[in-house]
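**Student:** Everything below, folded, please.
(4 chains)
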Protein chains: 4
Amino acid sequence: MDFSLSPELTALQERTAAFVRDVVLPLEDRDRAPGHGPDDALRAELQDAAKDAGLFVPHLGEELGGLGLDVRGQAVVFEEAGQSLLGPLALNCAAPDEGNMAMLEKIASPEQVERFLRPLAEGRTRSAFAMTEPPPGAGSDPSMLRTVAERVDGGWSISGEKWFITGGEGAAFAIVMARTGERGATMFLVPADTPGYEVLESVDTIDRISPGGHAHMRFTDVRVADDQVLGAPDEGFRYAQVRLAPARLTHCMRWLGLARRALDVAIDRANEREAFGSRLADLGLAQRLIADSLIDVETSRAIIQKTAWILDTGNGNPTMASSIAKVHVSEAVGRIVDNAVQLCGSDGILAHPLGRMVAEVRPFRIYDGSNETHRWSIARRAAKARRSAGER
Amino acid sequence: MDFSLSPELTALQERTAAFVRDVVLPLEDRDRAPGHGPDDALRAELQDAAKDAGLFVPHLGEELGGLGLDVRGQAVVFEEAGQSLLGPLALNCAAPDEGNMAMLEKIASPEQVERFLRPLAEGRTRSAFAMTEPPPGAGSDPSMLRTVAERVDGGWSISGEKWFITGGEGAAFAIVMARTGERGATMFLVPADTPGYEVLESVDTIDRISPGGHAHMRFTDVRVADDQVLGAPDEGFRYAQVRLAPARLTHCMRWLGLARRALDVAIDRANEREAFGSRLADLGLAQRLIADSLIDVETSRAIIQKTAWILDTGNGNPTMASSIAKVHVSEAVGRIVDNAVQLCGSDGILAHPLGRMVAEVRPFRIYDGSNETHRWSIARRAAKARRSAGER
Amino acid sequence: MDFSLSPELTALQERTAAFVRDVVLPLEDRDRAPGHGPDDALRAELQDAAKDAGLFVPHLGEELGGLGLDVRGQAVVFEEAGQSLLGPLALNCAAPDEGNMAMLEKIASPEQVERFLRPLAEGRTRSAFAMTEPPPGAGSDPSMLRTVAERVDGGWSISGEKWFITGGEGAAFAIVMARTGERGATMFLVPADTPGYEVLESVDTIDRISPGGHAHMRFTDVRVADDQVLGAPDEGFRYAQVRLAPARLTHCMRWLGLARRALDVAIDRANEREAFGSRLADLGLAQRLIADSLIDVETSRAIIQKTAWILDTGNGNPTMASSIAKVHVSEAVGRIVDNAVQLCGSDGILAHPLGRMVAEVRPFRIYDGSNETHRWSIARRAAKARRSAGER
Amino acid sequence: MDFSLSPELTALQERTAAFVRDVVLPLEDRDRAPGHGPDDALRAELQDAAKDAGLFVPHLGEELGGLGLDVRGQAVVFEEAGQSLLGPLALNCAAPDEGNMAMLEKIASPEQVERFLRPLAEGRTRSAFAMTEPPPGAGSDPSMLRTVAERVDGGWSISGEKWFITGGEGAAFAIVMARTGERGATMFLVPADTPGYEVLESVDTIDRISPGGHAHMRFTDVRVADDQVLGAPDEGFRYAQVRLAPARLTHCMRWLGLARRALDVAIDRANEREAFGSRLADLGLAQRLIADSLIDVETSRAIIQKTAWILDTGNGNPTMASSIAKVHVSEAVGRIVDNAVQLCGSDGILAHPLGRMVAEVRPFRIYDGSNETHRWSIARRAAKARRSAGER
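**Tutor:** Predicted coordinates:
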């Protein structure tokens, strides 16, 4: 058991922290437009700076311009980047592109890498992962998939609706999950300019950091060739798991960074302000909020690190582990930001920075499988494991 | 002990509920502008409708056009009105005007009533209560007041800064709390057009329902005559208590209404949606959220009713009781809205209606004395009461 | 809406408080035996003292020696009595006898009153309510009743097992719930000396205040005459509801009294002790525990009072209201006692008084329907009510 | 970063688990006496079995008969042992002896090792750590030490009172912390038969697992020689820290094992029981309790592992880390046991096994520094760290 970081990773952590502090934070004021995501100019400026700093797409292999970090390495770097909502965008490791890139790197053919992944990895495009469907379709339950792909001459025809597709508006392509016969589902790589590919509207949500927002999309007899099948046909549900467990965890990493920032903001203010003749930070009621938040930070980081090790090594149950991490960290992050708001008093409910954080982190308890769904899944596995143990 | 409502109050409750359902809710979509408060046209339309419905300024006496409700009656009507953020604005019983009117009705001279209160009661003006000051001034601790009023020929000269003054921008007048000598503080009625009266800026907060937002104000040698002193000189701190305890409770009433609405929205959706082959409302993990919310609604209403009785009758300790109600209800309301978001899943984090509610109710744990300050006050009184009991 | 107490009730409250303080508390040290309940001598001494003080069976009518309190009156007196675990035993208003007496007073025939209720009301006997059955029988779900009563010549023959029957050991009689045909269940009054009536064992639980503990009972062809049917045949489930809603609430009243005592003990200690150069009661981390507890006390009392009014007047839904009160108060009481332990530090985990309270109050979240079952019931009713509202 | 266990440690974990399951659990029924700790015969039988199994004193070096586990290895083995309250006693790694042994192994002179440590390591004696004093003496604040050691001819004279000294009754010796001059405190090794050494009484606490209970002790002119000074004079406070941080963590390990056991008991029952036509384990309200508990188990284990690594390697801040682990794990353990009780319904409040666990784990939030004290310490360090960071 060893929690030490390699000297290289420690250095990278420090460089990322410095980059966020010196380059990203000063640009935050420019991200105040009412729409979703910073504007393209700001995004390009951030990404150029990250490239210059040698921090771009750290999760990808070197042949794609990245740093080849494994999940444990990502845990270190993404947390630092996450201190600013703009940090992951700068490093091009924000959702959903980061998860899409990670999946493509594992599954895509060499031609698909060049056509879809490389432009994405270079920050020249954005992407969407089109799995969720409008009610009563597939929410947490992917078996309810209603989008269908049918065999046609020389390829497939895809029809159906997708909903709450992050980054859908403006994405260069979508990875579309569609039912293929009785047997299963298949993932398709569909460029946005394919006939029948429509972005209907972006829903108006409280989080605003993702460029392109969350789109309602429609696919009407969208024709794709066989070389646009991602991986093997009918393996879509399995690939979805490949994507979801790590994507859930990288969310945890980034949000933990933001929560740490919230706590730092709150402690700094508590150090400056006085109340009842004491430094606010020395008052017991404030100390409780600070201590509880720090405990949440440390337990979150520990469970992220452990889950990252499970994902990297295949020890244990990655799905169970990432569900546990997701529930704990999403609730811990919510508490930390809430405590920070409370510690800052009326400054805490200003729109920036804490008010914004409140709105950005709240959906994390719902996205990537609601915490209730994960609890259901955790409890079912735990109960089943005890039944199996009893039979031995 | 009797919880029954008079037939008149029951009828008024039903009329208010019908008014909100039939008149106010359909207008909510027009309140989507990014600024603070609905626009003036919408506000006027709502208030006209409330006047037509005989529901305007229900907390004021009949001679001011109101219904003469005592605090217990307000508990019933304000909760119904609060189901929509626009409801209290329609009835002209929103903060800060409602609290200002209530205080003026008790303390103002007949001339002050005509000059300041009546236009406010008729919805022709708005008002501000200028007590809080920028750090390190008076936050929760009014004794740190730095705004000063000095005797000058024929009146007073007021100088100082105020901060986070709800409704400040656009208010026809402010009730300004200023230190007067060593002895205490005095409240002054200051028209907005008085020389030296400045609204510097409105701070950008996550709540947006109050017309005029929360202003930073500056008073520079503002001259007021003796007849602009509200009540007696040097009695400002006492009057502040007169205002604060009921104002705290009317907040509780209105927010409880909004929380009930959030719960209704969530239960309705849980009744409609299916998951894992069941109605969502029948799943245990959803049932817990619903039940916990309902328990919070009922305990909140019970403690509001009890505190209203204390304020109406003078039994018990109004400050202690309203502190207890404020902490419980503000946290209960936060939990109820949060549970509703979680129950609604991705619909829950849409900007309307639940996302908006998240942002609107969060500050309630900070406004009107942060919950930490109230806990400190509650514990101090409780500890002191036991020491006194021990000495007997 | 009126929370005031009549002068008579106020006087009775004070007399009860004085009785507990002056008579009951000094006797607590004698209740340290490892078994269930204080010994008979102590119980008799306490009851004699309560009779002398005019406080005996306050919930019963005057013709049974009581004070004729309605549920609201009981809320006042039982809370005071509950400050000591011995208080309700002294007043003969402890579970299960109190609930049994209340039901018998409503339903029993004049002959049954003389034979069963009067000796119980005078403290000469104890009783048991035999409804719950061993698994997989009726726990929270009374429809799973397996005990059966069959018609025999001149009466009934009862056979079956009951489990966790509080006060079973030593009870003069049990009120036995048995299935009678397809149609329903019937309650029978069964003297302990009836052939076939067996107390098998008392289960070893962490609570120890109930004389007779919680018994496993067996009925084997127990013969009873028709005049031992309580109320009408086949109405047992309805009567059970008659008993359960108020019994649930009187539990809340008594435990609230104990929780207040725990808080008083803790505040007194926090007033005496010093830490880090301050009175412990003045430290913020202690103040939070005190304030949270006081809020729990006040919201618990308010919801008890409201539910008592519902039970007394038939307004609202008594089952729903008592479920809400039970969940809130049982969890509030648990928190208050837990906070008191924490406030008292190492004194808090001494066996007396706080350690004992920990063990005594913990089962309250399970007894009288587990809180999970009540939550399920509350949520179902709430969801159904919204569906009905939607149909109108 | 690596969470893998060596093959040796994995094998040891399995052997410990098997030992607890096959040897210790079947003996639990014999530990039902009302006093503190199992009787000497049972304790000897358990320790002999652990010796036979090669599991005795695993935390000590081989020359003392142990397995030489570092703190990370202890985390694995102590958790397994902790599944039964008797497990740590069997392995001779229960508090306070385990912490005393660990400190003596580090600090004691070779002669002291032979005289005091070896008999303890072999299970032939028990020991006590006498630091805490009766109020207003040193509770959480060691600087308030009132026990004094004064220089006398050929050694020292110790006088003072100690309180809540676990294992005090029956200990062969106590490690006594006493003030020595202005400069600091010194630890002394004091055999129980030294004149002036008195065990006054054992306080009656809700936990009963520690042989010898928690004693009130008095030292009256107790004479010790220089070779009974543990380590260097005046270094007592530093040594206390050496003992306390790991001792806090080994507590976490053992209690985590017990919490896992509680959860297993509860899941097994939820798998067996039915309610409302479903397996209890499949009901959402039960699933939440199970999932929350499992999340608590996993985050607790992760933070224990990380803190163990910090203690082993000197990375990070051991005091801060162990405070964080102690608060999180003690509260998580409390929640897990509480959830297990609730899941088991009326079985949950039986005295064995869950009722006993409730009583045993509750003090953990108070022992080893109350969680409030740790929160204070955590918040102070965090606030100071930000101030230092700001100055850079």
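
**Student:** how far out from the middle of the chain is the lowest-mean-pLDDT helix or strand in chain A?
**Tutor:** In chain A, the helix or strand scored least confidently by mean pLDDT, DSSP states H and E is strand A:274-275, which has a mean of 80. The chain centroid and the centroid of strand A:274-275 are separated by 39 Å, computed with Cα atoms, centre = their mean, to the nearest Å.

**Student:** Could you tell me how far the nearest residue to residue A:105 once chain neighbours are set aside is located from residue A:95?
**Tutor:** Distance criterion Cβ to Cβ, 6 or more residues apart in numbering or on different chains; nearest residue to residue A:105, sequence neighbours excluded, is residue A:60 at 6.1 Å. Placement of C-beta: from N, CA and C, glycine included. Here the criterion is Cβ to Cβ, to the nearest Å. By it, residue A:60 lies 15 Å from residue A:95.

**Student:** quick one: low-confidence ranges for the stretch 1-150 of chain A?
**Tutor:** For the stretch 1-150 of chain A, applying pLDDT under 70 flags the ranges A:137-143.

**Student:** Let's see that with 90 instead.
**Tutor:** Of all residues in the stretch 1-150 of chain A, those with pLDDT under 90 make up the ranges A:1, A:32-35, A:135-144.

**Student:** Got the domain ranges for chain A?
**Tutor:** Using automatic domain parsing, the domains assigned to chain A come out as A:7-94, A:127-234, A:240-391.

**Student:** In a markdown table: those domains, plus distance to residue D:87 and mean neighbour count.
**Tutor:** Formatted as a markdown table, those follow (distance: least, Cβ to Cβ, whole Å; neighbours: other Cβ atoms under 10 Å in any protein chain shown):
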| stretch | distance to residue D:87 | mean neighbour count |
| --- | --- | --- |
| domain A:7-94 | 33 | 19 |
| domain A:127-234 | 40 | 20 |
| domain A:240-391 | 19 | 22 |
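
**Student:** Take the ones you listed and lay them out in a markdown table including distance to residue B:346.
**Tutor:** Putting the domains of chain A into a markdown table (distance: least, Cβ to Cβ, whole Å) gives the following:
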| stretch | distance to residue B:346 |
| --- | --- |
| domain A:7-94 | 15 |
| domain A:127-234 | 5 |
| domain A:240-391 | 6 |
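
**Student:** Of all the ones you listed, which one comes closest to residue C:106?
**Tutor:** Residue C:106 lies closest to domain A:240-391 among those, at 42.8 Å (Cβ to Cβ).

**Student:** starting at the chain centroid, how far to stretch A:326-336?
**Tutor:** Per Cα atoms, centre = their mean, the displacement of stretch A:326-336 from the mean C-alpha position of its chain is 14 Å.

**Student:** now what about it, what contacts it?
**Tutor:** A:248-249, A:251-252, A:255-256, A:258-260, A:262-263, A:292-293, A:296-297, A:299-300, A:303-304, A:361-362, A:364-365, A:368-369, A:371, A:374-375, A:378, D:291, D:295, D:298-299 (Cβ atoms under 8 Å, 6 or more residues apart in numbering or on different chains).

**Student:** Those residues also near chain B: which ones?
**Tutor:** Filtering the contacts of stretch A:326-336 for neighbours of chain B using Cβ under 8 Å from any Cβ of the partner chain leaves A:362, A:365, A:371, A:375.

**Student:** where's the second one relative to residue A:131, distance?
**Tutor:** So that's residue A:365. Distance of residue A:365 to residue A:131, given as Cβ to Cβ: 19 Å.

**Student:** Can you name the residues that contact the closest residue to chain C within chain A?
**Tutor:** Residue of chain A nearest chain C, by Cβ to the nearest Cβ: residue A:284 (1.9 Å). By Cβ under 8 Å, 6+ apart, residue A:284 lies in contact with C:283, C:284, C:285, C:286, C:287, C:288, D:376.

**Student:** do residue A:343 as well
**Tutor:** Counting by Cβ under 8 Å, 6+ apart, the residues that residue A:343 touches are A:266, A:267, A:269, A:270, A:280, A:286, A:289, A:290.

**Student:** and which of those residues is nearest to chain B?
**Tutor:** Taking Cβ to the nearest Cβ as the measure, residue A:286 is the one of the contacts of residue A:343 closest to chain B, at 7.1 Å.

**Student:** Please identify the helix or strand for the closest one.
**Tutor:** Element membership of residue A:286, judged by DSSP states H and E, is helix A:284-313.

**Student:** touching chain D at all, the least confident helix or strand of chain A?
**Tutor:** No: Strand A:274-275 lies apart from chain D when judged by Cβ under 8 Å from any Cβ; the minimum separation is 13.4 Å.

**Student:** Return the alpha-carbon coordinates of stretch A:164-174 using CSV.
**Tutor:** Only the C-alpha atoms of stretch A:164-174 are listed here, as CSV (Å, rounded to 0.1, in the frame of the first residue of the first chain):
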residue,chain,number,x,y,z
PHE,A,164,-29.9,16.1,-22.3
ILE,A,165,-26.9,15.5,-24.5
THR,A,166,-24.2,17.6,-23.1
GLY,A,167,-22.3,19.6,-25.6
GLY,A,168,-24.7,18.6,-28.3
GLU,A,169,-25.0,22.0,-29.8
GLY,A,170,-21.8,22.7,-31.7
ALA,A,171,-20.4,19.2,-31.5
ALA,A,172,-18.6,18.1,-34.6
PHE,A,173,-19.9,14.6,-34.1
ALA,A,174,-22.0,12.5,-31.7
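
**Student:** now it, how far from the centre of its chain.
**Tutor:** 14 Å.

**Student:** Show the average pLDDT along it.
**Tutor:** Confidence for stretch A:164-174, expressed as mean pLDDT, is 97.

**Student:** anything in it near chain B?
**Tutor:** Yes: using Cβ under 8 Å from any Cβ, we find that stretch A:164-174 touches chain B at residue A:164.
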